[in-house]
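>>> The sequence and its predicted three-dimensional model are supplied below.
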Amino acid sequence: MMPEKKGKETVTIENIPPSADHIGGKIEMSEDVVATIAGLAARQIPGIHALGKSSFISFGDDPTRGVGVEVGSKEAALQLEVIINYGTNIREVAAELRKRIANEVDRMAGRKVIEVDINVVGIHLPEPEPEAEPERRVK
């Protein structure tokens, strides 16, 4: 299932009424902000080659590609599509993804991550080593 980007949804992070002690105001964020935080955090994990279904077609470096989010007033749930490097321990990478994304979303957006679903949609094979030029007998 393809993660849905719901970037048009906006959630309030903070709403402080004005008082004699401080200036009031509201902080809002789009769900795309949480998707961006998660996407950037995921790309830092060793073993992750790319997010999204195909790394062959690229329309710029969209940090929300392959990331779906649902953000509430206190919690967030995410869905990721990942392409991993061949030989990577998928369970270890998934555990690190969940941990890193939960920490970053909580730190930056103030939302407790309750779920990170990970869909491995591909494996990236290592590039073949270029063959060495045979030595020439004649110089």
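Good, I have the coordinates.

>>> can you list contacts of the helix or strand bottoming out on mean pLDDT in the chain?
When the helices and strands of the chain are scored by mean pLDDT, DSSP states H and E, strand 10-16 comes last with a mean of 81. Strand 10-16 is contacted from outside by 22, 24-31, 71-73, 109-110, using CB atoms under 8 Å, 6 or more residues apart in numbering. For the C-beta atoms, the positions are set from N, CA and C on the backbone; glycine is no exception.

>>> what do you get if the cut-off is 7 Å, keeping everything else the same?
22, 24-30, 71, 73, 109-110 (CB atoms under 7 Å, 6 or more residues apart in numbering).

>>> Please convert the buried members of the residues you listed into ChimeraX selection syntax.
This is how ChimeraX selects the buried members of the contacts of strand 10-16, with burial counted by 16 or more other CB atoms under 10 Å:
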select :29,30,71,109
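
>>> before we move on, the earlier item: list the buried residues in the least confident helix or strand of the chain.
For strand 10-16, the neighbour count (16+ other CB under 10 Å) marks residue 11 as buried.

>>> same check, this time on stretch 101-120
So stretch 101-120, judged by 16+ other CB under 10 Å, has buried residues 101-102, 104-105, 109, 111, 113, 116, 118.

>>> For those residues, name the two members farthest from one another.
Based on CB to CB, the longest span within the buried residues of stretch 101-120 runs between 109 and 118 and measures 19.7 Å.

>>> Can you give me the buried ones in stretch 27-42?
Per 16+ other CB under 10 Å, stretch 27-42 contains these buried residues: 29-39, 41-42.

>>> can you tell me the average pLDDT over it?
Mean pLDDT, stretch 27-42: 93.

>>> Please apply the same query to stretch 69-88.
The pLDDT scores in stretch 69-88 average 94.
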